[in-house]
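In: mind looking at a prediction? Sequence and model below.
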Amino acid sequence: MYLRHLRDSGAGSAGLTRRQFLELTTLAGTGLTLGVVLPGCSSAGPGAGSAPAAPLEMPFVRISPDNTVTVICKHLEAGQGVWTGLPAIVAEELDASWEQMRVESAPARVPMYGNLAMGGKVQLTGGSTAVANSWEQLRQAGATARAMLVAAAAQHWNVPAAEVTVREGVVAHAASGHQASFGELAGSAAQQPVPASVSLKDPGSFTLIGRDKLPRLDAQAKSTGTQQYAIDVRLPGMMTAVVMRPPRFGARVKSFDASKSRAVAGVVDVVAIPRGIAVVARDMYAAHKGREALAVIWDESGAEKRGTAQLMQEYRALARGRQAVIAAEAGDAAAALGHAVHRVEGEFDFPYLAHATMEPLTAVCALGADKCEIWAGCQFQTLDQATAAAILGLKPEQVVIHTLAAGGTFGRRATPDSDYISEVTWIAKATGGKYPVRLIWTREDDITGGRYRPLNYHRIEAGIDKDGRLAWRQRLVGQSIMAGTPFESMMMKNGLDPTAVGGNAAEQYDLDHAHVSWTQPKVGVPVLWWRSVENTHTAYSKEVMIDELAQAAGEDPVAFRLAHLGKHPRHVAALKLAAEKAGWDAPFAKAGGRGRGVAVHESFGTVVAQVAEVTVTGDRIKVDRVVCAVDCGIAVTPDVVRAQMQSAIGYGLSAALLGAITLTDGRVDQSNFHQYQVLRLPDMPRSIEVHIVPSSSAPSGVGEPGTPPIAPAVANAVRAATGLRLHRLPFDLAAARRASA
Amino acid sequence: MSIRLTVNGESRELDVDPDMPLLWAIRDHLELSGTKFGCGMALCGACTVHIDGAPTRSCVTPLAAVAGKSVTTIEGLATPAGKAVQAAWIALDVPQCGYCQSGQIMSAAALLGSNQQPSDADIDAAMAGNICRCATYGRIRGAIHQAAAALAAPPAKGG
């Protein structure tokens, strides 16, 4: 997900006016809120040993008398590891032992839990910002708590604070032989003045941050079936709802007959909501049967009725037209291409892609007197809270959000209209708050439900002149993610959506001549950020065309890239590391259909280079090995970094080999995993090696940046093995053979 | 008409539609939430349980089909293979979002229950039906091999 540009801006939702949202968000200043000791933690007694059993409670840390340290996590844990990475930052500065660390989700509250990478006014997990924006904040939090523990110990033992040490969760004074646990000191620490400033560790003295293997705090619960997700919430009297949504995007309910639906045993209510008809029942089975019995007549006059084949034809025509917005301009690309000594051209098709999180969208809503509680894997708490409040006529603070672990998101759980949160709130409102409601999307709802990675078409001409200068002309045609949402006004400048064009070659290579332009088609299919957003397509066409240009110039793909990355030293370092670890300079046996390819790309402040080795047998591509180098600044938890690279490679490979949502006459052709195929275990590369570029820079993110390079690295490997150019996704070798014949 | 079955070693009686998928009976009526809903069509494996020891997709198994049978869910997994699999899962930090992992673990435990030293091809065959969108597949494979090694090792003394 990608909302860096929300910085310093108010943001609205479909359920709110822009003004309401601005009022909400401007209440929030920014700044650190570490100095606050929350109420309810006062204690009287002195003395470790006879210490009061009270916690030290601060916005991001709670130290309890039972000697646990709980980090209050403002970000959604969706698998990317924030429940491990953020506690590691606190534990480091606190000198806690890893065994005493715990984690829980923060409530929805700004500015306290706002995302500092987005101005601090919105609580949102996205853009691979969780660790980056929490870095200073949580180091300060840990150091502040440590200082208060030390002050409490010094007071009790009547020794100078400077002589008190903290190591692995033990506070000690060597000369007097005193020592105490955090839990014993917590109550007294809560009574110490909050220090105005604290000093942070020299990164060279880190012992937890950067430790090769810091066990995940959620591994136990997630290996025993005890981790609670929204779908697992059970409340007294809770009912289950499913929603019948339109068969085409943009259609509306004209009329419906719920009589057969109401006759299904267990169905308790059938209500109309703005997005369709909700069937509410005692259990999921009855809700599902009730929905099957529903008769709805749709008004499809405003619906999108084109299919993807027609859309792609229209995109090609648009790419030849003049109407476009300039995304990058340098030198004179047209003239330079005219006298290039080597020149390549390509047209690229990218399909719509569904996120297909393993936990389908689910949320629970309970209404009370002047209060609403929501349980969900919320990714955009501030917007979800404000949207639910607007639907119910409540103030945002009257909506309590319980953020639970999400069964995957990849961007899907943060939508500009809070789609599934709105639905469950509408259902709760329409049923009068008689019972708590749990809304479950089925897999079919998920696959056919829109919010896809946008369909895209790119046309590229690239060339190199006799002096080795690059020229690049590119037209992109694809829907804007931001247009038509409340984010449009602050995200789009001069008609350009950065989430449609970012990561193109003009940003990532030394181009003397560049002309990159974008045309925005009007299509009624709702689109969304999908793990690494625009980089899913811009990195692909860039890295494939650069590779073809290297080939045309008769140069080695790694050496060619290095020669044109003079302004990008982090790209160079990552590329060199990946090439070295992959043995790029050693002979590579191509017998038996084998090939090797490379790609490098920066997204979200992180640079990733990958070398892929493939075997092509007939029309089948098998990825045997991937060597990945990542520069993410300081690697807070290296094993989580490795896990995210492995995950992102699998996710990107799934799309490259298999992923496509297509439409026929406006209807989505796929409905479940038999048609929307995803990567399975046998097709995961048997060997993925992740190497982390040593760095002393502040950390950047790792949730998304591993995805963009894998598809072009594999395509370049396939071209090395077969000579076939793969310009359409997902890969279809048989079609590529026909096209080249 | 009520249906009697054994769940995690306990006899249970359910008075619900016999066509109800076992998944929803387990989740909504027995209130065991470790078994997950992923697709409803036996395509993803998130709902895998053991029926008389055999890995089975509960989302397409009608309750009537398990009358009198013994169902084991992740909450009741207690076989040596199951314990070894869970220990390896935790040791290797396999889970990311974690949502599919109950099903993965039930499939892996069933594999090791019948094949103590699975090859990579055996793992491919046994685990291909379980989708993980976080693509934790490499660690799943590694954890199955690690669990197999632990099961093969002589038991620790004094335990």
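Out: Received the coordinates, thanks.

In: make it CA atoms for all contacts and neighbour counts henceforth
Out: Will do.

In: next, count neighbours for the closest residue to A:Tyr352 other than its chain neighbours.
Out: The spatial neighbour of A:Tyr352 that comes closest, neighbours along the chain excluded (CA to CA, 6 or more residues apart in numbering or on different chains), is A:Leu455 at 4.6 Å. Per other CA atoms under 10 Å in any protein chain shown, the neighbour tally for A:Leu455 reads 23.

In: domains for the chain, by residue range?
Out: I'll assume chain A. Following automatic domain parsing, chain A resolves into domains at A:31-223, A:230-301+A:361-440, A:308-353+A:451-740.

In: hmm, I had chain B in mind actually
Out: B:3-76, B:80-152.

In: end to end on the shortest one, go ahead and measure it.
Out: End-to-end distance of domain B:80-152: 11 Å, with CA to CA, to the nearest Å as the criterion.

In: so is that domain next to chain A?
Out: Yes - with CA under 8 Å from any CA of the partner chain as the criterion, chain A is reached by domain B:80-152 at B:86, B:89-91, B:93-102, B:105, B:124-125, B:127-138.

In: what stretches of chain B score poorly on pLDDT?
Out: Counting by pLDDT under 70, chain B contains low-confidence ranges at B:155-159.

In: rerun that using 80 as the cut-off
Out: For chain B, the stretches with pLDDT under 80 are B:1, B:154-159.

In: so which residues of it form strands?
Out: B:3-7, B:10-14, B:48-51, B:54-57, B:70-72 (DSSP state E).

In: partners of the third one in the sheet?
Out: Each strand pairing with strand B:48-51, determined using DSSP bridges, is listed with its direction: strand B:54-57 (antiparallel), strand B:70-72 (antiparallel).

In: list the contacts of the shortest one.
Out: By that I understand strand B:70-72. B:Leu5, B:Thr6, B:Val7, B:Asn8, B:Gly9, B:Val49, B:His50, B:Ile51, B:Asp52, B:Gly53 (CA atoms under 8 Å, 6 or more residues apart in numbering or on different chains).

In: ok, stretch A:470-479 next?
Out: Against stretch A:470-479 from outside (CA under 8 Å, 6+ apart): A:315-316, A:318-319, A:333-334, A:336-337, A:454-464, A:500-501, A:505-506, A:510-523, A:527.

In: dump the C-alpha coordinates for that stretch into CSV.
Out: This file holds the C-alpha atoms of stretch A:470-479, laid out as CSV (Å, rounded to 0.1, in the frame of the first residue of the first chain):
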residue,chain,number,x,y,z
LEU,A,470,20.2,6.1,-22.7
ALA,A,471,16.9,7.4,-24.2
TRP,A,472,13.5,6.2,-23.0
ARG,A,473,10.0,6.9,-24.2
GLN,A,474,7.1,5.2,-22.4
ARG,A,475,3.4,5.6,-22.4
LEU,A,476,1.3,3.9,-19.6
VAL,A,477,-2.4,3.4,-19.8
GLY,A,478,-4.1,2.3,-16.6
GLN,A,479,-6.8,3.4,-14.1
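
In: what's around the residue of the stretch 151-300 of chain A found nearest chain B, how many residues?
Out: With CA to the nearest CA as the measure, A:Gly225 is the residue of the stretch 151-300 of chain A nearest to chain B, at 4.1 Å. As a burial measure, A:Gly225 scores 24 neighbours (other CA under 10 Å).

In: just give the nearest non-adjacent residue to it, would you?
Out: Here the residue nearest A:Gly225, using CA to CA, 6+ apart, is B:Gly34, at 4.1 Å.

In: got the phi and psi for that neighbour?
Out: phi -70, psi -30 (degrees, to the nearest 10).

In: hang on, isn't it packed against B:Cys100?
Out: No - with contacts counted by CA atoms under 8 Å, B:Gly34 stays clear of B:Cys100, the gap being 9.9 Å.

In: so between these two, which is more surrounded?
Out: Neighbours were tallied for B:Gly34 and for B:Cys100 using other CA under 10 Å; the higher tally belongs to B:Cys100 (33 against 28).

In: nearest residue to the more buried one in space, please, no chain neighbours.
Out: B:Ala46 (4.9 Å).

In: contact partners for that neighbour?
Out: So B:Ala46 contacts B:Thr35, B:Lys36, B:Phe37, B:Gly38, B:Tyr99, B:Cys100, B:Gln101, B:Ser102, B:Gly103, B:Gln104, B:Asn130, B:Ile131 (CA under 8 Å, 6+ apart).

In: mind listing which of the residues you listed are in helices?
Out: B:Gln101, B:Ser102, B:Gly103, B:Gln104 (DSSP state H).

In: ok, the second one - contacts?
Out: Under the criterion of CA under 8 Å, 6+ apart, the neighbours of B:Ser102 are A:Lys222, A:Ser223, A:Thr224, A:Gly225, B:Gly34, B:Thr35, B:Lys36, B:Ala46, B:Cys47, B:Thr48, B:Ile74.

In: what's the burial count for the third one?
Out: Read it as A:Thr224. 22.

In: list the contacts of it.
Out: Applying CA under 8 Å, 6+ apart, the residues contacting A:Thr224 are B:Gly34, B:Ile74, B:Glu75, B:Gln86, B:Ser102.

In: who's in contact with stretch A:70-79?
Out: With CA under 8 Å, 6+ apart, stretch A:70-79 has contacts from A:59-64, A:82-83, A:86-87, A:90, A:101-107, A:113-114, A:123-125, A:130, A:377-379, A:403-409, B:95-98, B:134.

In: give the buried residues for it.
Out: A:Thr70, A:Val71, A:Ile72, A:Cys73, A:Lys74, A:His75, A:Leu76, A:Glu77, A:Ala78, A:Gly79 (16 or more other CA atoms under 10 Å in any protein chain shown).

In: could you check how far the residue nearest to A:Gly225 is from B:Pro62?
Out: From B:Gly34 to B:Pro62 the distance is 19 Å (CA to CA).

In: ok, B:Ile123 next?
Out: For B:Ile123, the distance to B:Pro62 - CA to CA - is 28 Å.

In: for A:Ala309, same thing?
Out: The value you get for A:Ala309 to B:Pro62, if CA to CA is used, is 40 Å.

In: is whichever residue of chain A sits closest to chain B part of a helix or strand, or is it coil?
Out: Residue nearest to chain B within chain A (CA to the nearest CA): A:Gly79, separated by 3.4 Å. Counting by DSSP: H, G, I helix; E, B strand; the rest coil, the backbone at A:Gly79 sits in coil.

In: and if you look at A:Ile481?
Out: coil.
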